[in-house]
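J.: 3D model of this:
(one chain, ligands or ions: 2)
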Amino acid sequence: MPRLLSGFFALLWIVGCSPGSSERHQTLYVFGTLLEVTAYGAGADDFDRAVRGLEEALQQMHRQWHAWQGEGELVRLNRALAEGRILQVDAQLAGLLRRAQVYARQSDGLFNPAIGRLIALWGFHADEPPTGPPPDPAAIAALVRQAPGMADLEIAGRWISSDNPAVQLDLGAFAKGYALNLAIERLRGQGIRNAIVNAGGDLCVSGRHGDRPWRIGVRHPQGQGVIASLDAADGECVLTSGNYERYREFAGVRYAHIIDPRSGYPVRHVASATVISPDGALADAAATALSVAGPKQWRRIARRMGLKLVMLVDEQGRVWLTPEMRARVHFEGTPPPFSVTPLDRDAPAPLPPPP
Ligand code: AMP
Ligand code: MG
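T.: Ligands and ions are numbered 1, 2, ... in the order given. Prediction:
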């Protein structure tokens, strides 16, 4: 995967909690990015010990699940799949792939971690953002025609194979959410019960910040400020996909790192999609899928993925959200134009007229 934890800057950050003696912070450099761990009410030694153990576990995941660098398990698996060989992987990766199959099916293939070749073709299998013109349309069309999908993957216990050699796995759209969930559980197991683990704005929380919930801000996808803030409950994860996170820019056009597997081209209609769920991997996969689905199709996909708390910001800065999400977010400053629609409604509620 390009970068398991992507984005150097925080899309979301903890707001309104001035560092005090009850708060502890540590910033780790894992997965080629910064991961901020914040705890409330933990002893210094306990916190340091827990964070050291966490760092080691995350580095290990990074090595094993990197899509194109090193000799980790995923690199070996991708090689085997390309050569039509079957390979045994460890139980954790097999479990992760099984979950990816479910999310891919539920999202009608809009979340599709089997499109590693397309992602590489667009230049996102590199640490630096790609430059220059977009890839040859014929090469894009050829990869789309080969239609690699998670349903091509045969998972028998820990044995993985594919009858489609075009399948190349890239877990960048959901392994981060999985790892954040794991991180918060690991901290809990070490006695750190009130914490936030925040990777470039994607985060999971446990417990509370003293006598109130953890409050976080959702970054405005088209500006530097916060578009909304919300209280995150114990065990919740908040994952955002944004087409501003990583992109290729050429001749005034931005080509985002989120690819629509149906066309082979980057998504254009969504600036960001935010999902809240206790399941970080699901929220991460869903945020990517909903970015692809866009303002017209997001409700059907969200319904099928069993979500309730969803917010989309489109290219014009308009906000689309569920009633449940509306009840959670506080827009900062002048509220943007927004439309609240229950997921079982066929047509979205109309937006208010422009001011
Ligand atoms: P996220 O920030 O969670 O939306 O993940 C974006 C990353 O997921 C990209 O950098 C690609 O590595 C990968 N990706 C891009 N498009 C898709 C897609 N449609 N389905 C699954 N993974 C994707
Ligand atoms: Mg994602």
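J.: for stretch 278-286, what is the average pLDDT?
T.: Mean pLDDT, stretch 278-286: 98.
J.: is ligand 1 contacted by it?
T.: Yes. With CB under 6 Å from any ligand atom as the criterion, ligand 1 is reached by stretch 278-286 at Asp284. In this view, the C-beta of every residue, glycine as well, is placed from N, C-alpha and C.
J.: Give me the contact list for that stretch.
T.: Here stretch 278-286 makes contact (CB atoms under 8 Å, 6 or more residues apart in numbering) with 96, 99-100, 103, 107, 111, 173-181, 202, 204, 235-239, 241, 273, 275-277, 301-302, 305-307, 310.
J.: Got a ChimeraX select line for the buried ones in the residues you listed?
T.: To isolate the buried subset of those in ChimeraX, counting by 16 or more other CB atoms under 10 Å, use the following:
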select :96,99,100,103,107,111,173,174,175,176,177,178,179,180,181,202,204,235,236,237,238,239,241,273,275,276,277,301,302,305,307,310
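J.: The contacts of stretch 278-286 in strands, which ones?
T.: Asp202, Cys204, Cys237, Val238, Leu239, Ser241, Ala273, Val275, Ile276, Ser277, Val310 (DSSP state E).
J.: What separation is there between the last one and ligand 1?
T.: Meaning Val310. 14 Å (CB to the nearest ligand atom, to the nearest Å).
J.: which residues does the closest residue to Ala44 other than its chain neighbours bridge with?
T.: Distances taken as CB to CB, 6 or more residues apart in numbering put Arg24 closest to Ala44, at 6.7 Å, once the chain neighbours are dropped. Judged by DSSP bridges, the bridge partners of Arg24 are Ala39.
J.: got the contact list for Arg24?
T.: Counting by CB under 8 Å, 6+ apart, Arg24 makes contact with Thr38, Ala39, Tyr40, Ala42, Ala44, Phe47.
J.: do Gln106 as well
T.: With contacts taken as CB under 8 Å, 6+ apart, Gln106 has the following neighbours: Ile301, Arg304, Met305, Gly306.
J.: So the most centrally placed residue in the chain: helix, strand or coil?
T.: Closest residue to the average C-alpha location of the chain: Asp284 at 3.5 Å, with CA atoms, centre = their mean. Using DSSP: H, G, I helix; E, B strand; the rest coil, the structure places Asp284 in helix.
J.: Check the closest residue to it other than its chain neighbours and give its pLDDT.
T.: Closest residue to Asp284 apart from its sequence neighbours, by CB to CB, 6+ apart: Gly177 at 2.8 Å. Listed pLDDT for Gly177 reads 95.
J.: What of Arg85?
T.: For Arg85, the model assigns a pLDDT of 98.
J.: Contacts only, for whichever residue of the stretch 1-150 of the chain sits closest to ligand 2.
T.: Closest residue of the stretch 1-150 of the chain to ligand 2, CB to the ion: Phe111 (7.7 Å). Residues counted as contacts of Phe111 (CB under 8 Å, 6+ apart) are Ala100, Tyr103, Ala104, Ala173, Phe174, Ala285, Ala286, Thr288, Ala289, Val292.
J.: was I right about the second one contacting Met305?
T.: So the one you mean is Tyr103. Yes. Contact criterion CB atoms under 8 Å: Tyr103 and Met305 qualify, at 6.9 Å.
J.: list residues touching both of the two?
T.: Residues touching both Tyr103 and Met305 (CB under 8 Å, 6+ apart): Leu282, Ala285, Ala286, Ala289.
J.: what would those residues look like in CSV with neighbour count and distance to Gln92?
T.: Shown next, in CSV, are these (neighbours: other CB atoms under 10 Å; distance: CB to CB, whole Å):
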residue, neighbour count, distance to Gln92
Leu282, 24, 17
Ala285, 32, 17
Ala286, 34, 21
Ala289, 31, 23
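J.: Next, format those as CSV and append distance to Ile119.
T.: Shown next, in CSV, are the shared contacts of Tyr103 and Met305 (distance: CB to CB, whole Å):
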residue, distance to Ile119
Leu282, 21
Ala285, 15
Ala286, 18
Ala289, 15
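J.: for the chain, which spans come out with low pLDDT?
T.: By pLDDT under 70, the weakly predicted segments of the chain are 1-21, 346-355.
J.: let's see it at 80
T.: Along the chain, segments meeting pLDDT under 80 span 1-21, 31-33, 223-224, 244-245, 345-355.
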